[in-house]
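Novice: Just a sequence and a predicted model for now, questions to come.
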Amino acid sequence: MNKKAVTIVELLASIVIMTIVASLVAILLSTYRSVNQDITDESKANIESTLLFQSIRNDLNAFSPTDYEACAVDDCIVLVKTFEYIYLEEGITLSVYEPAETINFRVDNQAISFSDQTYNVDYFSIGQDTSLLYSITASNLVIELNLVLESTKNTYNFLMTYTYKIETTPAT
């Protein structure tokens, strides 16, 4: 008898095996895509927080506060600059501000603002749990920004700490 033909049982068995293999491949590809999306989201969150924190640090350094005042509301601090040293070709000059310059740094309605500038994030929303705290240690003011970035699937937490020395206006 010639055995070159395929029986229906062999054909059904090969279809079942191919279906199982195709299902496993589809599951693996779906898992790979989901994990890849999570990794991409986390990378974007890290980049967004790094850029946001650097922008805030640049603004804080540019203002160079010498003191602070408490706000009437939570998640807010008033930074005060009573003086600064200005470096000129002739030498260093002390510039005293009368009245002192002030800037509000606050977290409000899922937004972070420094004076009149609101910081934006591109791919995420700023979470409700984002907070701004400050404490005094010795003669230093420590500002902590607990940033919560939310995507459609995940929540990411970041912390920025900024410390500056509280100084009195030097005698002229």
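Specialist: Perfect, I can see it now.

Novice: Now do the helices in the chain.
Specialist: 8-63 (DSSP state H).

Novice: so residue 113 makes contact with residue 119?
Specialist: Yes - between residue 113 and residue 119 a contact is recorded at 7.0 Å, counting by C-beta atoms under 8 Å. C-beta here means a position set from N, CA and C on the backbone, and glycine is covered the same way.

Novice: neighbouring strands for the longest strand seen in the chain, and are they parallel or not?
Specialist: The single longest strand within the chain, with elements called by DSSP state E, is strand 91-108. According to DSSP bridges, strand 91-108 forms sheet pairs with strand 76-88 (antiparallel), strand 111-114 (antiparallel).

Novice: average pLDDT for the last one?
Specialist: Per-residue pLDDT values across strand 111-114 average out to 92.

Novice: Pull out the buried residues from that strand.
Specialist: With burial defined by 16 or more other C-beta atoms under 10 Å, the residues of strand 111-114 counted as buried are 112-114.

Novice: out of those residues, who's nearest residue 151?
Specialist: residue 112 (17.5 Å; C-beta to C-beta).

Novice: Wait, the closest one touches residue 56, no?
Specialist: Yes - using C-beta under 8 Å, residue 112 is in contact with residue 56, at 7.4 Å.
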